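Chemist: Sequence first, predicted model second:
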Amino acid sequence: MFPTEPAAVNKGFGAVLRNRNFMLVWIGQIICQLADKIFFVLTIALLEKYPLAVGVVEDGRRADLFLAFTLPAILLGSLGGIIVDRFPKKPIMIGSDLLRGLLTIAIPFLPREFLILFAITFANSVIVQFFAPAEQAAIPILVKRDSLMAANALFTSTMMGAIIIGFAVGEPLLSLGKSWLGERYGQEFIVGGLYLISSLIKIPVKLKSNKPDLKAEKVNPIAEFKDCLRYLKKKRLIMNAMVQLTALYCVFASLVALSIRLAQKFGLQEKQFGFFLAAAGVGMVLGAGILGHWGEKFHHKPLPLFGFLSMAFVLAVFTFIHNLPLALALSTLLGLGAALIAVPMQTLIQQQTPPDMHGKIFGFQNHAVNIALTAPLLITERLTNYFGLRIVLLGISFIVATIGIWAWHNTRKVLKDVI
């Protein structure tokens, strides 16, 4: 399907699109990301098939499922990266997809007990904590250093595209599965089949990496976590990039929490809050595409600073406008600014991290990002109830601009030489 290596030196997307191994992993990522989003829709849809226990309300079970999705990410994010450093990346990626596919397909054959659905959801999220750092660690092995920007642009754009498309097609695809394969098995087979297809696509991938030393000392998660922190303390550039990515995901999590209020402000129904998230996703895809294709022209530009300042501008302006099309256009600009942070900073982390630290660093990053996606959801709504939407948006805008200026001030002398 694709040549094994680029025939000649190419810039932008040209090199990575001609790299067969990268393309197989990328196509697998697209399918897997879609499966993840549709699995979320599936678990919510299945609740009506599970009888309520005495004294349990529907909202309580839904909240328990949200906990099953998020808790493993908070507790096990760094441990997954430590394990990934000790084992080959390809079997971890393939095995993770395979296990999630089999778990999903097993759902209709198991008793209709909510605890079983909770356990399967929890297990799916646990497996992701090993899959995510393995996939991130595979990218710098699969592509050349000067193609990392384009590779990360593709991964970022498809990740955001999956968020936009996955939730939108989830219900229709599940309904199609029921009509094709039957009421009892159709939905689960559709989602499980996507995971299995993703695992099969990755089988031909040739992933060169150092063989892990399985005879090394036993895994000590606490000691290795401390080693990771010490390493990040020495490598200020990597730590700074990770802080910027964490701040970015905090902003997006806050936007998710505030989007319902924004929908009301612009005359939409509460359930239409996704319009703002979809517009931001379109902006991220657009920004990632620009960086992937013309990234070498922006080598010496302060892209993350531009990104933070544009996001701060959008958040501040949101409080003073009442025109819906303008608000959606600003959401797109916010997403474009986010891409100016996410793609270069992820590229920098991959460039500057030695192979033997890939798992630990990407596991720690996964851990930090998941906390960043969870914590704002818990506090933003409360702050908005207390201070009001305008004050909260202006406060977040100020924090975002401050982080962008601080980060650029700390790294501007070295960042231009590595991205």
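Modeler: Done, it's in. Numbering: from 1, shown residues only.

Chemist: Would you map the helices across the chain?
Modeler: Ranges of helices within the chain are 13-17, 20-46, 58-84, 89-106, 114-142, 148-181, 186-202, 221-234, 236-265, 274-294, 303-317, 324-352, 358-387, 389-418, based on DSSP state H.

Chemist: Ok, which of those helices comes nearest residue 208?
Modeler: Closest of the helices of the chain to residue 208 is helix 114-142, at 6.3 Å (criterion: CB to CB). Where you see a C-beta, it was placed from the backbone N, CA and C, and this is true even at glycine.

Chemist: If we go by neighbour counts, what in the closest one is buried?
Modeler: Applying a neighbour-count criterion of 16 or more other CB atoms under 10 Å, the buried positions in helix 114-142 are 114, 117-118, 120-122, 124-142.

Chemist: likewise stretch 254-266?
Modeler: Judged by neighbour count using 16+ other CB under 10 Å, the buried positions of stretch 254-266 are 254, 255, 256, 257, 258, 259, 260, 261, 262, 263, 265, 266.

Chemist: The residue nearest to the spatial centre of the chain - nearest residue in space that isn't next to it in sequence?
Modeler: In the chain, the C-alpha nearest the mean C-alpha coordinate belongs to residue 159, at 6.3 Å (CA atoms, centre = their mean). Leaving aside its chain neighbours, residue 159 sits nearest to residue 33 (5.9 Å; criterion: CB to CB, 6 or more residues apart in numbering).

Chemist: Residue 157 too?
Modeler: If the residues on either side of it in the chain are set aside, residue 157 comes closest to residue 288, at 3.8 Å by CB to CB, 6+ apart.

Chemist: got it, and residue 170?
Modeler: What sits nearest to residue 170 in space, not counting adjacent residues and going by CB to CB, 6+ apart, is residue 41, at 3.4 Å.

Chemist: what's the burial count for the one you found?
Modeler: Residues within reach of residue 41, counting by other CB atoms under 10 Å, total 19.

Chemist: what does residue 385 give?
Modeler: 11.

Chemist: Make TSV out of the buried residues of stretch 254-266 and add distance to residue 148 and pLDDT.
Modeler: As requested, these are exported to TSV (distance: CB to CB, whole Å; pLDDT from 0 to 100):
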residue	distance to residue 148	pLDDT
254	29	82
255	27	80
256	29	72
257	32	71
258	33	81
259	32	77
260	37	70
261	38	79
262	35	82
263	37	78
265	40	82
266	39	82
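
Chemist: Can you lay out those residues as CSV showing distance to residue 25?
Modeler: Rendered in CSV, the data for these read as follows (distance: CB to CB, whole Å):
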residue, distance to residue 25
254, 31
255, 29
256, 28
257, 33
258, 35
259, 32
260, 36
261, 39
262, 36
263, 37
265, 41
266, 40
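
Chemist: which one of those residues is nearest residue 147?
Modeler: Here the nearest of the buried residues of stretch 254-266 to residue 147, counting by CB to CB, is residue 255; it sits at 30.9 Å.
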